[in-house]
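Trainee: sequence and predicted structure below; questions after.
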Protein chains: 2
Amino acid sequence: MKLGNKVEWALHCMELLARVPANIYIPTQVLAKFHGIPKEYLSKAMQALAAARLIEGTLGPKGGYKLAKPSSQINLLDIVEAIEGRKKTFNCQEIRFNNPCLTKKPKKSDSICVVAKTMFEADQAWRRVLSEKKLSDLVVEVDGQVSAEVMKLSEDWINNEIT
Amino acid sequence: MKLGNKVEWALHCMELLARVPANIYIPTQVLAKFHGIPKEYLSKAMQALAAARLIEGTLGPKGGYKLAKPSSQINLLDIVEAIEGRKKTFNCQEIRFNNPCLTKKPKKSDSICVVAKTMFEADQAWRRVLSEKKLSDLVVEVDGQVSAEVMKLSEDWINNEIT
DNA sequence: GAGCTTCTACTCGGATACGCCCTGTCCGAGTCCGGCAGG
DNA sequence: CCTGCCGGACTCGGACAGGGCGTATCCGAGTAGAAGCTC
């Protein structure tokens, strides 16, 4: 039960995309260089984000990605699910129905297995925390952690790269 | 981000072990037949549970596994972690430190990355739900779901198998 | 100088290898029960 | 009949293949901008 690196990359890249004006496109190459990660593989994560309609891509010079929605309308669960998929962490195989002592055939309408029930509750608790954190919240938190000086330098660095 | 089948198997087997008297050993073969799952592979899960000191195994005829502690002292997180390991679901690679604009070398004592912080909070929420559910609670819930008739038949079936 | 055409260079997107971990299986070491012989 | 011994069968535990998914990489299709030519 481990999340891939693409999730971390996607979160940081989305946080960066949320900082630039809405009409500016950032290419994958710049995102990769800024974060020190392999560009080719990062593009896979960006493709997944685009497929989930969280970002939009454009070709050619001055191309790249931009947010498809305001950062206040995107939460972290959207991003994680775009990368990792929307399937639950626990998939119940209903092995309780393999009990050789069952007196009647089980139906799909039977109440949910109590083991799966608890696992699903845990899964929902995890998702709830992620869904309650908006991308815009993340931007504010980063602002509070990174010095204004570095923030300004980074902004200039990005602007220089995409020129 | 998906849990393996061994987790489900382990949970159901632990629930069953919690039902038998404390001095009775249930062999893997019986657990496997009762749940309709491959015995050889299930033994891997049982080995993991034994390594985590949740169950104890004995060799020879009348051998098998029994709980190492009362079911009220075992929670679902113990079981899941015994199978899946204790590592967090999200491992922060600190790619924020790859920013080419940093003015000073980052130290390990720096405050935690806000991205990782949220991911860890989600991870803890997941673990909290699991740790608050004791194995003895699970037994009670199963009692409320399975008919007394099937429960009795199952008990007799188990007793017959280990004789 | 302005507008159109062409060309280049840059982007995304999908198709393609590689490696690791989960899944599934097998066999050997160790041990406890049950039968058997002897007293 | 009781006791001690021995054999056998059953158990766990670790060692051994196969497959699927995540990781990493590459190349082609398409496009927007810039340069150059014509008017």
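Mentor: Yes, it's here. Numbers count the residues shown, from 1 in each chain, chains lettered A, B, ... in the order given.

Trainee: I'd say residue A:25 and residue A:66 touch.
Mentor: Yes - counting by Cβ atoms under 8 Å, residue A:25 does reach residue A:66; the two are 5.1 Å apart. In short, each C-beta sits where N, CA and C put it, glycine included.

Trainee: report the buried residues of the longest helix along chain A.
Mentor: Looking across chain A with DSSP state H, the single longest helix is helix A:114-131. For helix A:114-131, a neighbour-count test (16 or more other Cβ atoms under 10 Å in any protein chain shown) marks A:114-120, A:122-123, A:125-127, A:129-131 as buried.

Trainee: residues touching it, excluding its own?
Mentor: Applying Cβ atoms under 8 Å, 6 or more residues apart in numbering or on different chains, the contact partners of helix A:114-131 are A:75-78, A:80, A:88-90, A:92, A:96, A:112, B:3, B:8, B:11-12, B:15, B:76, B:118-119, B:121-123, B:125-130, B:133, B:138, B:141-142, B:145.

Trainee: contact residues of chain A facing DNA strand D?
Mentor: A:4-6, A:38, A:40-41, A:43-44, A:58-63 (Cβ under 7 Å from any atom of the strand).

Trainee: do stretch A:86-106 and chain B meet?
Mentor: Yes - contact of stretch A:86-106 with chain B (Cβ under 8 Å from any Cβ of the partner chain) involves A:87, A:89-93, A:95-96, A:98-103.

Trainee: most surrounded residue in the residues you listed?
Mentor: Among the residues of stretch A:86-106 next to chain B, residue A:96 has the most neighbours (other Cβ atoms under 10 Å in any protein chain shown), with 22 neighbours.

Trainee: how close does that one sit to DNA strand D?
Mentor: 21 Å (Cβ to the nearest atom of the strand, to the nearest Å).

Trainee: tell me the SS of that residue?
Mentor: Classification of residue A:96 using DSSP: H, G, I helix; E, B strand; the rest coil returns helix.

Trainee: go on, the one 4 residues further on?
Mentor: Recorded secondary structure, residue A:100: coil (three-state DSSP).

Trainee: just to check, it is in contact with residue B:34?
Mentor: Yes - taking contacts as Cβ under 8 Å, residue A:100 lies within contact range of residue B:34: 6.9 Å.

Trainee: about what we covered before: mind checking which of the residues of chain A next to DNA strand D are in helices?
Mentor: Per DSSP H, these map to helices at A:5, A:6, A:40, A:41, A:43, A:44.

Trainee: between these, which is closest to chain B?
Mentor: Sorting those by how near they are to chain B, with Cβ to the nearest Cβ, puts residue A:5 at the top with 6.5 Å.

Trainee: per-residue confidence at that closest one?
Mentor: pLDDT, residue A:5: 94.

Trainee: how about the contacts made by it?
Mentor: Contacts of residue A:5 (Cβ under 8 Å, 6+ apart): A:37, B:93.

Trainee: state the distance from it to residue A:51.
Mentor: Residue A:5 sits 19 Å away from residue A:51, going by Cβ to Cβ, to the nearest Å.

Trainee: follow-up on the earlier one: pLDDT added to the residues of stretch A:86-106 next to chain B, as CSV?
Mentor: Output for the residues of stretch A:86-106 next to chain B, formatted as CSV (pLDDT from 0 to 100):
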residue, pLDDT
A:87, 93
A:89, 95
A:90, 95
A:91, 93
A:92, 93
A:93, 93
A:95, 94
A:96, 94
A:98, 94
A:99, 94
A:100, 94
A:101, 93
A:102, 91
A:103, 88
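
Trainee: make JSON lines from these and add distance to DNA strand C to it.
Mentor: Below are those laid out as JSON lines (distance: Cβ to the nearest atom of the strand, whole Å):
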{"residue": "A:87", "distance to DNA strand C": "14"}
{"residue": "A:89", "distance to DNA strand C": "12"}
{"residue": "A:90", "distance to DNA strand C": "11"}
{"residue": "A:91", "distance to DNA strand C": "10"}
{"residue": "A:92", "distance to DNA strand C": "13"}
{"residue": "A:93", "distance to DNA strand C": "10"}
{"residue": "A:95", "distance to DNA strand C": "12"}
{"residue": "A:96", "distance to DNA strand C": "17"}
{"residue": "A:98", "distance to DNA strand C": "14"}
{"residue": "A:99", "distance to DNA strand C": "19"}
{"residue": "A:100", "distance to DNA strand C": "19"}
{"residue": "A:101", "distance to DNA strand C": "24"}
{"residue": "A:102", "distance to DNA strand C": "23"}
{"residue": "A:103", "distance to DNA strand C": "28"}
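
Trainee: that's all I had, so thanks and see you.
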